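> What shape does this take:
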Amino acid sequence: MISVDASEETREHYVRNIIAMWRAATPEQMQRGRTWYCTAHDLASLITNGDARTGAGVIAALSANKSWSENSRLARQAYETGVPSGHFQDALTKVAKIMAGADPAEVLPMERKTGMFFRCIADPSDPDAVVIDRHAHDVAVGDTYGQRDRGLGSARRYALLAHCYREAALRLGELPSTVQSVTWVVHTERIAGTSTRGPRRAS
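The predicted structure follows:
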């Protein structure tokens, strides 16, 4: 696992890795990455008849260790049946609370991946939110970890990498979430078909 006390030199290395991946994007990858959270926002609104914030909370709560197609299916199913299913009990309890009217920001871990995923979907123009999943980690670090532990449960390690994406976004004149989603698309397509797990999100 990377150190949570990274030096300025190491942080700069991570920022440059992120920017290099961004610049490697093809026009088609750039377009898909730029529109990813807007498309997810539209889905969140669709499944809740216009309540994108609640829909984003449900999608985010059901996102852990699920492909985007499965994540979407479970969210739709939860609303269609009124009964969340297909996930660990902790996630299902969160979904039930959100569907019952609880504010997702009061239910989800807001400084971690799930909470940030909610924020990015609920408001794709959020100037600060950025999702650090295993692929975002690997892009920044410059190494595909595969099944190795990345230690993203550490708030300090998550914050370190989030800071690097925000710095890269600042230099590029983009939103942090846009930089993350575009580099995510590039990276996952590079590793597709290798021994690592393939792309999580749909195009």
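> Tell me the pLDDT of Val141.
The score at Val141 is 98. That number is its pLDDT.
> Chain neighbours aside, what residue packs nearest to it?
Ile2 (5.9 Å; C-beta to C-beta, 6 or more residues apart in numbering). Every residue, glycine included, has its C-beta placed from N, CA and C.
> quick one: buried residues of stretch 78-91?
For stretch 78-91, burial by neighbour count (16 or more other C-beta atoms under 10 Å) applies to Ala78, Tyr79, Pro84, His87, Ala91.
> same deal with stretch 98-105?
Quick answer for stretch 98-105 (16+ other C-beta under 10 Å): Ile98, Met99, Pro104.
> do stretch 157-172 as well
So for stretch 157-172, counting by 16+ other C-beta under 10 Å, buried means 157-158, 160-169, 172.
> possible to save the residues you listed as JSON lines with pLDDT?
Output for the buried residues of stretch 157-172, formatted as JSON lines (pLDDT from 0 to 100):
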{"residue": "Arg157", "pLDDT": "96"}
{"residue": "Tyr158", "pLDDT": "96"}
{"residue": "Leu160", "pLDDT": "97"}
{"residue": "Leu161", "pLDDT": "98"}
{"residue": "Ala162", "pLDDT": "97"}
{"residue": "His163", "pLDDT": "97"}
{"residue": "Cys164", "pLDDT": "98"}
{"residue": "Tyr165", "pLDDT": "98"}
{"residue": "Arg166", "pLDDT": "98"}
{"residue": "Glu167", "pLDDT": "98"}
{"residue": "Ala168", "pLDDT": "98"}
{"residue": "Ala169", "pLDDT": "98"}
{"residue": "Leu172", "pLDDT": "98"}
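> Which of these fall in helices?
The members of the buried residues of stretch 157-172 that map onto helices under DSSP state H are 157-158, 160-169, 172.
> which of these lies closest to Gly151?
For these, the residue nearest Gly151 by C-beta to C-beta is Arg157; the value is 5.2 Å.
> Now do the same contact list for that closest one.
The contact partners of Arg157, by C-beta atoms under 8 Å, 6 or more residues apart in numbering, come to Met1, Ile2, Val4, Arg150, Gly151.
> Specify which member of those is nearest to Ser69.
Comparing the contacts of Arg157 against Ser69 with C-beta to C-beta picks out Arg150 as the nearest, at 23.6 Å.
> Quickly note the distance from the most centrally placed residue in the chain to Thr81.
When C-alpha atoms, centre = their mean is applied to the chain, the residue found nearest the centroid is Val131 (3.8 Å). From Val131 over to Thr81 the distance is 28 Å, taken as C-beta to C-beta, to the nearest Å.
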